[in-house]
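J.: just coords:
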């Protein structure tokens, strides 16, 4: 038994005991923790004799298809054709029901919506909601939950849950890499998860085009004279030339934030529609969200995005000029 | 108390109780586990009132200088001037005393050499040797040892030991990422190690020149028609142009082994002395060591190196041609 003492958690545990057919879902554009949590909870409930349906608005990302059971996740549009009825919908890793998908109305399928999440809560979500941000990941909560409701964790479930904790802690590098997360991970390895296999599948299954593109885009790396602002540029031509797509650019900017002098890293993407998309990253204390907000952008303090109506050259000149001034509030020389 | 049941381990624990001045060392070109183990054992023994001297043949690598106590590691040449006497020399993470340094004769300083290691033993090493390859790292053994001899682990010791386990498991990605390693890591976090801080220091403290060079070298990426052999080239000019050095190329090739189609990845370095240095990496089953041995190279099955007398163009043509044939034994089409 885990040691979660929480009224709503107890209510969810109690509800689960009597349910027969459960819909399990998570948010649009799912990440590793979403896929892991949905699949692990589904497999666990099935072991207790329940019938489960796993549904997401988006397809399962390529790198998570190795997770056993992920092939059973259907898209909501398929569900809409069949209109099934469920005892409840369990919504995982979601802070607002809209995040399941703007077009999804869970109430069409069920009268009861249960929510489990580890993010700082933004709104009441579902009929019973258990949210505890001290957990590294929703997968870590699901691990406790499955143990609490008497599921014998199989190697397949352990593997899925390991993926959830590993990806949501950024490969055990983020602040949420807690003692309790690592204790869970240790137990999941003992239960059959292979860290080497899982790392290979998640971090070493890149398409060739992505690495070719990474090389070309990193070759454009420039710094302001202080070395504190570094930027790279990508055009539609270079993406096409590499046989890549825009998604392949996703993590290239992390190479810049690994540079010790850098405070702000920027990726400028010219997609040739008269607009320049910027991805902004801060290594330390600079608040890039506040900068992005001035241009109707958004995101987090350390990772934001914004769009400019400009040519690539003008966008670079303007933004770098402004950032030189902007970072003075944060960075002592 | 840990559960290590081993005669030699018990002998080492027993010896340590009566020692007053201990020399602690590890191998040439130290990695994270070496620095971590030396510093943590030193700090632990000091807490028990012993006097310690930490010495290595090589300087502490830049990225490990943040480890508290690493500044106390001296180079052996300094020791040679002073010729101190020690009750014993503790040699950590070393399979042969020669690995401490060809010029180092520990018997000059002490009559007793104790060895602790987690690699598969290659030769008897020291007077009492505890080697257990079921451990992820020497740091994991040192954690058990310190606990067993009654050291209260401080946050600084916990941080050092975390570095050792993290780096020797390749950031928790290698096969030695065991349940027991992760249990130790969980406890080290509870004792004060910060995974986020440590990851930042070890993995996100790159020199700008290294990332610039990585971009340029990855831009040279080519594949054979099957996509199974991928290679990159680096010349002395490009290294100089980036303000980088040869060490900055060390991990670039790992980007190639992250490509899902790749079986063999090769880095060709033209250092303009009429020789081409090759780094070979296998993603799956291909034995690149056997290939390298044909050219008097060496290494491991999955990571090897060799040198060719050739121009860059000739070396590439010859090696890629041979590898196309060579991988047929390993890879089914």
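T.: Sure thing, it's come through. Just so you know, these numbers come straight off a predicted model, no measurement behind them. Residues are numbered from 1 along each chain as shown, chains lettered A, B, ... in the order given.
J.: show me the shaky parts of chain A.
T.: Applying pLDDT under 70 to chain A flags the ranges A:1-2, A:121-124, A:333.
J.: the helices in it, which residues?
T.: With DSSP state H, the ranges of helices along chain A come out as A:7-18, A:32-47, A:76-82, A:138-148, A:155-168, A:179-190, A:195-203, A:208-218, A:236-241, A:254-257, A:288-293, A:312-326.
J.: make JSON lines out of those helices and add distance to residue B:98 and mean neighbour count.
T.: The way it works is simple: take the backbone N, C-alpha and C, and place the C-beta from them, glycine included. Below are the helices of chain A laid out as JSON lines (distance: least, C-beta to C-beta, whole Å; neighbours: other C-beta atoms under 10 Å in any protein chain shown):
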{"stretch": "helix A:7-18", "distance to residue B:98": "58", "mean neighbour count": "15"}
{"stretch": "helix A:32-47", "distance to residue B:98": "45", "mean neighbour count": "26"}
{"stretch": "helix A:76-82", "distance to residue B:98": "64", "mean neighbour count": "13"}
{"stretch": "helix A:138-148", "distance to residue B:98": "46", "mean neighbour count": "25"}
{"stretch": "helix A:155-168", "distance to residue B:98": "38", "mean neighbour count": "26"}
{"stretch": "helix A:179-190", "distance to residue B:98": "35", "mean neighbour count": "22"}
{"stretch": "helix A:195-203", "distance to residue B:98": "31", "mean neighbour count": "19"}
{"stretch": "helix A:208-218", "distance to residue B:98": "39", "mean neighbour count": "22"}
{"stretch": "helix A:236-241", "distance to residue B:98": "50", "mean neighbour count": "14"}
{"stretch": "helix A:254-257", "distance to residue B:98": "38", "mean neighbour count": "20"}
{"stretch": "helix A:288-293", "distance to residue B:98": "51", "mean neighbour count": "20"}
{"stretch": "helix A:312-326", "distance to residue B:98": "53", "mean neighbour count": "16"}
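J.: so who does residue A:244 touch?
T.: A:207, A:209, A:210, A:212, A:213 (C-beta atoms under 8 Å, 6 or more residues apart in numbering or on different chains).
J.: and the gap between it and chain B?
T.: According to C-beta to the nearest C-beta, to the nearest Å, residue A:244 and chain B sit 12 Å apart.
J.: can you list the residues of the stretch 201-333 of chain A near chain B?
T.: Neighbours of chain B within the stretch 201-333 of chain A, by C-beta under 8 Å from any C-beta of the partner chain: A:203-208, A:211-212, A:214-221, A:223, A:227, A:230, A:255-262, A:283.
J.: for the residue nearest to residue A:277 when sequence neighbours are not counted, what are its contacts?
T.: Closest residue to residue A:277 apart from its sequence neighbours, by C-beta to C-beta, 6 or more residues apart in numbering or on different chains: residue A:269 at 4.4 Å. Residues in contact with residue A:269, defined by C-beta under 8 Å, 6+ apart, are A:233, A:234, A:235, A:246, A:249, A:276, A:277, A:278, A:279.
J.: next, count neighbours for the last one.
T.: By the measure other C-beta atoms under 10 Å in any protein chain shown, the count of residues near residue A:279 is 23.
J.: ok, the nearest residue in space to it that is not next to it in sequence - contacts?
T.: With sequence-adjacent residues excluded and distances taken as C-beta to C-beta, 6+ apart, residue A:279 is closest to residue A:267, at 4.3 Å. By C-beta under 8 Å, 6+ apart, residue A:267 lies in contact with A:217, A:231, A:232, A:233, A:234, A:249, A:252, A:253, A:278, A:279.
J.: what's opposite the fifth one in the beta bridge?
T.: Which is residue A:234. Assessed by DSSP bridges, residue A:234 has beta-bridge partners residue A:269.
J.: wait, it sits on residue A:253?
T.: No: here residue A:234 does not reach residue A:253: they are 10.2 Å apart, not a contact under C-beta atoms under 8 Å.
J.: of the two, which one has the most company?
T.: Set side by side, residue A:234 and residue A:253 show more neighbours around residue A:234, with 25 against 20, by other C-beta under 10 Å.
J.: gap between that one and residue B:91?
T.: The spacing between residue A:234 and residue B:91, counted by C-beta to C-beta, to the nearest Å, is 50 Å.
J.: now residue A:28
T.: Relative to residue B:91, residue A:28 is positioned 56 Å away (criterion: C-beta to C-beta).
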